[in-house]
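Engineer: My questions concern the predicted model and sequence given below.
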Amino acid sequence: MALLDTVLRDVGRTPGVTAAALLDGVTGLSYAEYGTPEPAQDAQETAHSATMHLNRAGFTGELESIVVTTAAHHHVTTRVDRQGDPLLLFALVDRDRTNITWALRDLAEHTDRLLA
């Protein structure tokens, strides 16, 4: 677990990220958290729902990421592929303190570190 905590601390150093969590992609169980990622509780359900609706609309392939934007935050959920069930990296990003494009790039790098 120390590695997960280290990676999530690094995620927390991404400008604008106020909270993060690594979740089981099937159950939503949180393996590690940084800050207070309360919105992460719904990230797995949101990803599952989006996947079902996209599949019904005829899209194929795996969901890569979801960005839900509110007045104050971006709720970013990124799929972390691995052998077995997928993981989800959730990050709560403050809209006033970051550029979402840079945050997404940094989160992709952190996702790669989770698999290393």
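Structural biologist: In hand now; what should we look at?

Engineer: hey, where'd the helices end up in this protein?
Structural biologist: Read by DSSP state H, the chain holds these helices, from start to end of the chain: 2-12, 43-56, 100-115.

Engineer: May I see the buried residues of the helix or strand of the chain with the lowest mean pLDDT?
Structural biologist: Taking mean pLDDT, DSSP states H and E as the measure, the helix or strand of the chain with the lowest value is helix 2-12, at a mean of 81. Neighbour-count burial for helix 2-12 flags 7-8, 10-11 (criterion: 16 or more other C-beta atoms under 10 Å). C-betas here are computed from N, CA, C, even on glycine.

Engineer: what helices or strands is it leaning on?
Structural biologist: Under the contact criterion of 3 or more C-beta pairs under 8 Å, 6 or more residues apart in numbering; DSSP states H and E, helix 2-12 touches strand 17-24, strand 30-34, helix 100-115.

Engineer: pLDDT weak spots in the chain?
Structural biologist: Residue ranges of the chain with pLDDT under 70: 1-2, 115-116.

Engineer: repeat that for 90
Structural biologist: 1-10, 12-13, 25-26, 32, 36-42, 60-64, 80-86, 108-116 (pLDDT under 90).

Engineer: before we move on, back to that, just the helices and strands packed on helix 2-12: most buried one?
Structural biologist: Mean neighbour count, computed with mean count of other C-beta atoms under 10 Å, is highest for strand 17-24 among the helices and strands packed on helix 2-12, reaching a mean of 23.

Engineer: what lines up beside that one in the sheet?
Structural biologist: Within its sheet, and counting by DSSP bridges, strand 17-24 is paired with strand 30-34 (antiparallel), strand 87-94 (antiparallel).

Engineer: any chance of those in TSV, with distance to Val76 too?
Structural biologist: Rendered in TSV, the data for those read as follows (distance: least, C-beta to C-beta, whole Å):
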stretch	distance to Val76
strand 30-34	13
strand 87-94	5
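
Engineer: closest to Asp42 out of the ones you listed?
Structural biologist: Asp42 lies closest, by C-beta to C-beta, to one member of those: strand 87-94, at 9.3 Å.
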